[in-house]
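Student: model this:
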Amino acid sequence: MSEQLVVKSNALVEAGHRLSLAEQRIVLAAITQIRRDRKPDSEAWYEVTADALSEVSGISASRAYHDLANAIETLWERDITVRGGPNGNDRTTKGGRVMKARWIQAVEYVPDEGKIRLMFSAPIVPYLTVLKKQFTRYQLRFVAPMRSRFGPRLYELLQQWRQSGERELALDDLQSMWGTAYTRVYDLKRFVIAPAVKDVNTHSDLEVSVGYRKTGRRVTHVQLKFSPKAGLESLEEAQKPRKKKGRKLDESFANYVKRNARPGESWEAAKIRLGV
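Tutor: This is a model prediction of the structure:
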């Protein structure tokens, strides 16, 4: 099976929404079909079949058919709150630009063919297509088999900071992003964070450990440390051009460094950080 690549604006990764696990699988499978070498099209249809969903996620074919049939109603109702533009402009956790929109503007189920067709809403399309900087990408196979709706969300947040290997998040921000409202930290750990961590460690190419930080006497932040699993080559490593000893840097190598450089970062600094 060819690699299915999910690419999202970082603003979309950190957006607030309550997509169920089944809905996330469908949406992510549709995102892998978006062509970014063409002009963005807010009226493009994307098809997800039960067979494809079953294959990538490991669920039974009957369960996949059931999920597609249910999605015709639930996906239409799902909204999302995004802070900032698709390329990071005016993206802040508090204040600044805030947009609320539906995920999709049209959806239909074709039972005889076991597939669903959906069209992303026009306001969401730029967050999936017009991406020149501040975006996250990963392989669908690392999140589709997960069993908690929070697993894919955690994996995206880690993948977003993959180069650093650690990330700290305020629990209030995490609940806002994931659409939860637990009043007790114990419940948040048990029903949200623990299942998400288990999913990442079981199904993805990352290994993550969790710690917590207090502000005063109250636990306010989750601290995540993560690293690639041994024997699983990341997407970045797989696509990294190999530097041949004694030869001039070829064009693909130079483009790799340029493409992955951070805003304002020099070419040499980017080359050192990327380890190439």
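Student: From now on I want contacts and neighbour counts done on CA atoms only, so please keep to that.
Tutor: Fine.
Student: How about residues contacting the helix ranked longest in the chain?
Tutor: For the chain, the longest helix by residue count, based on DSSP state H, is helix 61-77. Residues from elsewhere that reach helix 61-77, judged by Cα atoms under 8 Å, 6 or more residues apart in numbering: 19, 22-23, 26, 50-51, 53-54, 102-109, 111, 114-116.
Student: Just the C-alpha atoms of that helix, please, in PDB.
Tutor: Output of helix 61-77 as PDB, limited to C-alpha atoms (Å, rounded to 0.1, in the frame of the first residue of the first chain):
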ATOM      1  CA  ALA A  61     -15.200  -4.200   6.900                       C
ATOM      2  CA  SER A  62     -18.600  -4.300   8.600                       C
ATOM      3  CA  ARG A  63     -17.500  -1.700  11.200                       C
ATOM      4  CA  ALA A  64     -16.100   0.500   8.400                       C
ATOM      5  CA  TYR A  65     -19.400   0.300   6.500                       C
ATOM      6  CA  HIS A  66     -21.200   1.300   9.800                       C
ATOM      7  CA  ASP A  67     -18.900   4.200  10.400                       C
ATOM      8  CA  LEU A  68     -19.400   5.600   6.900                       C
ATOM      9  CA  ALA A  69     -23.200   5.300   7.100                       C
ATOM     10  CA  ASN A  70     -23.200   7.200  10.500                       C
ATOM     11  CA  ALA A  71     -20.900   9.900   9.200                       C
ATOM     12  CA  ILE A  72     -23.500  11.100   6.700                       C
ATOM     13  CA  GLU A  73     -25.300  12.700   9.700                       C
ATOM     14  CA  THR A  74     -22.600  13.400  12.200                       C
ATOM     15  CA  LEU A  75     -19.900  14.900  10.000                       C
ATOM     16  CA  TRP A  76     -22.300  17.500   8.700                       C
ATOM     17  CA  GLU A  77     -22.900  18.800  12.300                       C
END
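Student: just checking, next helix/strand downstream of that helix?
Tutor: As assigned by DSSP states H and E, the chain's next helix or strand after helix 61-77 is strand 79-83.
Student: In the sheet, which strands lie alongside that next one, parallel or antiparallel?
Tutor: Using DSSP bridges, strand 79-83 pairs in its sheet with strand 16-17 (antiparallel), strand 98-102 (antiparallel).
Student: Below-threshold pLDDT in the stretch 151-276 of the chain: ranges please.
Tutor: Counting by pLDDT under 70, the stretch 151-276 of the chain has low-confidence residues at 232-276.
Student: those strands in it, which residues are they?
Tutor: In the stretch 151-276 of the chain, the strands defined using DSSP state E, counting those that start in this stretch lie at 166-170, 206-215, 218-228.
Student: Kindly calculate the angle that the shortest one makes with strand 218-228.
Tutor: The directions of strand 166-170 and strand 218-228 differ by 150 degrees, with axes from the mean of the first three to the mean of the last three Cα atoms, to 10 degrees as the criterion.
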